[in-house]
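>>> Here's my sequence, what's the structure:
(chains A and B)
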Amino acid sequence: LSPRLEIYQPDELAEALQILGKLGEGARVLAGGTALSIMLRQKLIGPTALVDIGRIPQLDGIEETDGGLTLGALTRHRAIERSEMIRARLPVLAEAFGLVGNVRVRNQATVGGVVAEADYASDPPTVLVGLDATIRTASLGRSRMHAAADFFRDYYTTALDPDEVIVSVEVPWTPDGLRCRYTKFVTRSAEDRPCLGVFAACRPMEHGRFADIRVVIGAATGRPQRFTDVEAPASGTDLADDICAAVAASYAARIEPIGDVRGSSSYRKEMISVMVRRTLASVRDAA
Amino acid sequence: MDAEQPHRGFAQFGEFAGMLDADERVRGALRYTADLRLPGMLEGRLVRSQMPHARLLRVDASRARQLSRVVVLTGADLAARLDLGQAYGPVFRDQPILAHDKVRFVGDPVAAVAAPDRDMAEEAADLIEIEYEELPAVFSFDDALRPDAPLVHTAPRLGATLADIIVHSHAGTNICNDFRLRKGDVDAGLAAADLVFEDTFSSPPVQHVPLETHACVAVVEAGQVTVWSSTQTPFNVRAQLAEIFQLPEAQVRVIVPPLGGGFGGKCYPKLEPVTAVLAQAAGRPVRLHLSRAEEFITVTKHGARIHLTTGVNRDGSIVARRSICHFNTGAYADIGPRLIKNGGYASAGPYAIPNVWIDSYAVYTNLPPAGAFRGYGVNQAAWAYETQMDLIAQRLGIDPVELRHRNLLRDGDSLMTGEPMRDAHLNELLQDAASWIGWGDPVTGDRRGHRRGKGVACIIKSTVTPSTSSASLAIDASGVIKVMTSSVEMGQGVATALARIAARHLAVPVGQIQVSTPDTSLTPYDQQTSSSRSTHSMGGALTLAATDLSQQLKRLAGDRLEAASEDLELGGGAVRVRGAPHRRVTFADLAKASPGGSAIGHGTLAVPGGLDAETGQGVASHHWHQAAGAAEVDVDLETGKVTVLRYRASVYAGQVINRVLAELQTEGNVAFGVGQALFEELIFDGGHLVNGNLSDYMIASINDLPEELAVALLEHPENQEVHGIGETSLPPFLAAVGNAVFHATGARVTQLPITPEKLLRLINGA
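Residues are numbered from 1 along each chain as shown, chains lettered A, B, ... in the order given. This is a model prediction of the structure:
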């Protein structure tokens, strides 16, 4: 007989870490369950135990600090989307979480879950990389901080160890004047996962010049892609259309995208050059 | 386990508010088949083939059989039973209850288990080992139709079937059936035409994606088979269960709780045979409820390839059309043998064409079975002929709306089947749609890198003919009024429509009418709930029943009131003397005084028809459903992404029974259309469905609907005829959007769906 799935529902983080430390690889952490339930149903994973962290209060909540924003792992997408504070101080983050799936999904899906799942066709990771977010994880007797850019490793693969839990995602306040945009490009229903996601940012300076050019590509490969050496030459320019196009062309040339039901590899490559150019231009022109 | 039965026989409706069970549906209180729990009930589960085409060398269920309280059946178990019919299907009995000798698609049920709960059923299912000898498989038309192609079926057995179905045998090939239509002299017509257009158009298989997946609960005891099923065709299911169990139909009972959507996917036996044989083997009730993944491979819309050769004169008149249609019916015929007929003759379109030749084929392949789907072949046909119509218009330099107006069927014109068109409103519908969209006005609002365009399309669609529906209407001694009907409520609002019709005839508030759900042992015969027929056919039968009942009530009242029947009227729940309303007797008192304690009216609406097997000439449809649509789209020229900005659905309704629901049905068609026009497609790799879940397969969301969506229900109440509108407005949408994209970009997609990638390649001339 196949083993039955055991479910643990700890009330404390320490208890959760102990259970995970004991169970090791066979256990999976359950938060909102939107991704995990699909993986279980499709038998993509076969855990022997689920550790439901949904009852641990210290993992929930949005906190505003001097340095930035701390999003507890259990924070729902919908809470980020609707937070007046986030909409005022980091609007691109609220927008990106508000683009995921549909409202029923967003009411359930958590920030820890979307980061741990690391689905390539997902919106928040791209924006978190673009905003230089860090991910705080914990295991028994150990706490770690990961730059988002390092945390996402490959398709459905992260730096998270099996005995670790994501505690929070910390997003620093952006430098004064930084403009950010996230473009979700879908090829099918409005509720589809992205065929391509593009984060772009720039900071206007004097004389129509821009600094802090950032471009991150999501949904094209195993993890969000940012090339600082491609961004750098655009810094200090006026981000004229041809410069946006050149940055876009470089990103398209560097990335070998996946092909899936949302678009072939070659189509995605073409869309990178269109969407990077458009997103950069829109962030340049944003009031 | 609680015994909770969703079937209540009659729904007790509160105050009428658009749809009688809307409140229950929205609150999740409505009980569907899947909600049924019977004492001692087991949970069923199917073990399915992982091969598209293979000989079954060994199905080893020995380990599963060792589990206690688990019932296991394999194809061999069933084959050993001489008292059991082995296969089902509405035309060919080609679908085994469980595969025995070979499997024909990935997902073909090979074994079935029943256990006290779902986990145990899954465990048992996982213990069954299947050994295959893989056979060459066919998926495409070209592969399936090669002379040396491996055969999906060698000799499918024809069963007793439905009145209008024409079968031509093609033994030794993968052609399941064909339909032929010969009108005039197509060779001469094409030879004489000024120009001949030859084009091929294709549509992919898609799925119905009903919110409620297929469910069935069966009990077999004491020589009686009872099933609760999410079916649109209770009487056909009854007949086939009787055939399988070799019982008189009177010993088979099919009860249909409300459905959570049907869209054609729940026609004809699906889960009932296997659930019933499991229940028989278990000696206990068994419930089978499909997962979403299983739903995707249970039935699909037919993928189709349609080749049209159309001869036109320079004035735009269509003089001849040869149409060669291939419909991929998958591994089992299901209703494909009929669908190719309806889709076949539909390919002539809503136009008066003197010379028509149609060959339409259902082709077996090693893909999941295709069956009825909202639009019933007309989606595929209209995508072809309405797309070609714009190609013709462009080449001739005639405005596409004008070209259609010149050719549309008018009263008295001869249809493709030779029957005369009557009650034609196509010009009026096209005029409405074109004028709403601002046809001929310059297109405005183009953004940089985007282009807008407009397109129109028109269709006619038949309704199943011949056709029979019966209803009765009863008033009992308590004054309770019941409509007894076998129409299936699947969210389309048929119960509401029938309640309104009864209420109107008896002059009582809608809320006083109870409407039954189907129970083949209690409610009168109905052919099926499909083909956009119920409001017309069942409504017609109910109207006759109401007339019968009114006459009985007046006769009974006439004696009491000493008044002549013609001086009496119905009102206020009573029969009263016209002009002297105080002289009255209530319905309840009349029922009480009547010999049976209740007064019952009966009505049957039966219409004749049928086509000649060799020429396709005759009567295809008692009346013709008609619609036009007009779309305005925006195309992003750099991504190929199409946004439908505005849409007008213009539908002939004859007489609207419930405006809210008729409009919602039409909006639902547009939602179906958005998905099928722009992105829906079942994708197979070696016969394996690769996007059989709702993350990889998308349907339209509310945010995909046109920003501006307008419905026009054209009425001509003087004709006293209700036209069903459940499907009519769907087929025009696909072609209207394709034509608008063509208008915007000059790029012509001929294979649905119009994905951004496909369109971009055409725009860029790659």
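
>>> Quick one: end-to-end distance for stretch B:344-359.
End-to-end span of stretch B:344-359 (C-alpha to C-alpha, to the nearest Å): 7 Å.

>>> mind checking how far it is from the chain centre?
22 Å (C-alpha atoms, centre = their mean, to the nearest Å).

>>> Show me where the stretch 1-150 of chain B has its helices.
In the stretch 1-150 of chain B, helices defined by DSSP state H, counting those that start in this stretch lie at B:22-27, B:62-65, B:75-79, B:118-126, B:141-145, listed in chain order.

>>> Give me the mean pLDDT for the last one.
Helix B:141-145 shows a mean pLDDT of 98.

>>> and it, C-alpha only, in PDB?
Listed in PDB are the C-alpha atoms of helix B:141-145, where the atom choice follows Å, rounded to 0.1, in the frame of the first residue of the first chain:
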ATOM      1  CA  PHE B 141      -6.500  12.900 -41.300                       C
ATOM      2  CA  ASP B 142      -3.700  12.200 -43.700                       C
ATOM      3  CA  ASP B 143      -2.400   9.400 -41.600                       C
ATOM      4  CA  ALA B 144      -5.800   7.900 -40.900                       C
ATOM      5  CA  LEU B 145      -6.900   8.000 -44.600                       C
END
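
>>> partners of the very next helix or strand once past that helix in the sheet?
Going down the chain from helix B:141-145, the next helix or strand is strand B:175-183, by DSSP states H and E. The partner list of strand B:175-183 in its sheet, established with DSSP bridges, is strand B:355-364 (antiparallel).

>>> List the buried residues of the strand it pairs with.
B:N355, B:V356, B:W357, B:I358, B:D359, B:S360, B:Y361, B:A362, B:V363, B:Y364 (16 or more other C-beta atoms under 10 Å in any protein chain shown). Where you see a C-beta, it was placed from the backbone N, CA and C, and this is true even at glycine.

>>> what's the spacing between the fifth one and B:F92?
Here B:D359 is placed at a distance of 20 Å from B:F92 (C-beta to C-beta, to the nearest Å).

>>> likewise the fourth one?
Distance check for B:I358 against B:F92: by C-beta to C-beta, it reads 22 Å.

>>> now swap in the second one and tell me
Using C-beta to C-beta, one gets 28 Å for the distance from B:V356 to B:F92.

>>> Could you do the third one as well?
From B:W357 across to B:F92, the span is 26 Å (C-beta to C-beta).

>>> What of the last one?
For B:Y364, the distance to B:F92 under the criterion C-beta to C-beta works out to 10 Å.

>>> So what sits opposite the nearest residue to B:V47 once chain neighbours are set aside in the bridge?
Nearest residue to B:V47, sequence neighbours excluded (C-beta to C-beta, 6 or more residues apart in numbering or on different chains): B:A111, at 4.1 Å. Taking DSSP bridges, one finds B:V47, B:T74 as the beta-bridge partners of B:A111.

>>> right, and B:A111 touches B:D126 too?
No. B:A111 is not in contact with B:D126 according to C-beta atoms under 8 Å; the separation is 11.2 Å.

>>> more crowded one of these two?
The neighbour count for B:A111 versus B:D126, taken as other C-beta atoms under 10 Å in any protein chain shown, is higher for B:A111 (26 against 15).

>>> Can you check the pLDDT for whichever residue of the stretch 1-150 of chain B sits closest to chain A?
Among residues of the stretch 1-150 of chain B, the one nearest chain A by C-beta to the nearest C-beta turns out to be B:E123. It sits 5.9 Å away. The predicted local confidence for B:E123 comes out at a pLDDT of 95.

>>> what about it, how many residues close to it?
When counting by other C-beta under 10 Å, one arrives at 19 neighbours for B:E123.

>>> pretty sure it is touching B:L67, no?
Yes. Counting by C-beta under 8 Å, B:E123 does reach B:L67; the two are 7.3 Å apart.

>>> Which neighbours do these two have in common?
When contacts are counted by C-beta atoms under 8 Å, 6 or more residues apart in numbering or on different chains, the set common to B:E123 and B:L67 consists of B:A115.

>>> Apart from its chain neighbours, what residue comes closest to B:A346?
Ranked by C-beta to C-beta, 6+ apart and with sequence neighbours excluded, the top spatial neighbour of B:A346 is B:A381, at 4.1 Å.

>>> can you pull the contacts of that neighbour?
If you count contacts by C-beta under 8 Å, 6+ apart, B:A381 has them with B:A304, B:I306, B:C325, B:G343, B:G344, B:A346, B:S347, B:G349, B:P731.

>>> any idea how far chain A is from it?
Going from B:A381 to chain A by C-beta to the nearest C-beta, to the nearest Å gives 25 Å.

>>> what does the model give the residue sitting nearest the centre point of chain B for pLDDT?
In chain B, the centroid-proximal residue (C-alpha atoms, centre = their mean) is B:G264; its distance is 2.9 Å. According to the prediction, B:G264 has pLDDT 98.

>>> Count the neighbours of whichever residue of the stretch 301-450 of chain B sits closest to chain A for me.
When C-beta to the nearest C-beta is the measure, the stretch 301-450 of chain B has its nearest residue to chain A at B:G449, with 8.6 Å between them. Close neighbours of B:G449, defined as other C-beta under 10 Å, add up to 12.

>>> What are the phi and psi values at it?
Main-chain dihedrals, B:G449, degrees, to the nearest 10: phi 80, psi 0.

>>> dump the residue contacts of it.
Shown in contact with B:G449 (C-beta under 8 Å, 6+ apart): B:D636, B:L637, B:E638.

>>> which one of those is nearest B:P753?
The nearest member of the contacts of B:G449 to B:P753, counting by C-beta to C-beta, is B:D636 at 16.1 Å.

>>> ok, that closest one - contacts?
B:D636 neighbours (C-beta under 8 Å, 6+ apart): B:G449, B:H450, B:V642, B:T643, B:P756.

>>> do B:A193 as well
Going by C-beta under 8 Å, 6+ apart, B:A193 touches B:G311, B:V312, B:N313, B:V319, B:A320.

>>> What residues sit buried inside stretch B:307-316?
By neighbour count with 16+ other C-beta under 10 Å, stretch B:307-316 contains the buried residues B:H307, B:L308, B:T309, B:T310, B:G311, B:V312, B:G316.

>>> measure stretch B:371-382 end to end?
The straight-line separation of the ends of stretch B:371-382 (C-alpha to C-alpha) is 18 Å.

>>> And stretch A:225-238, by the same measure?
Length of stretch A:225-238, first residue to last, C-alpha to C-alpha: 24 Å.

>>> Run through who's touching it.
The set of residues external to stretch A:225-238 that reach it, using C-beta under 8 Å, 6+ apart, is A:129-130, A:149, A:205, A:208-218, A:243-244, A:246-247, A:250-251, A:254-255, A:280.
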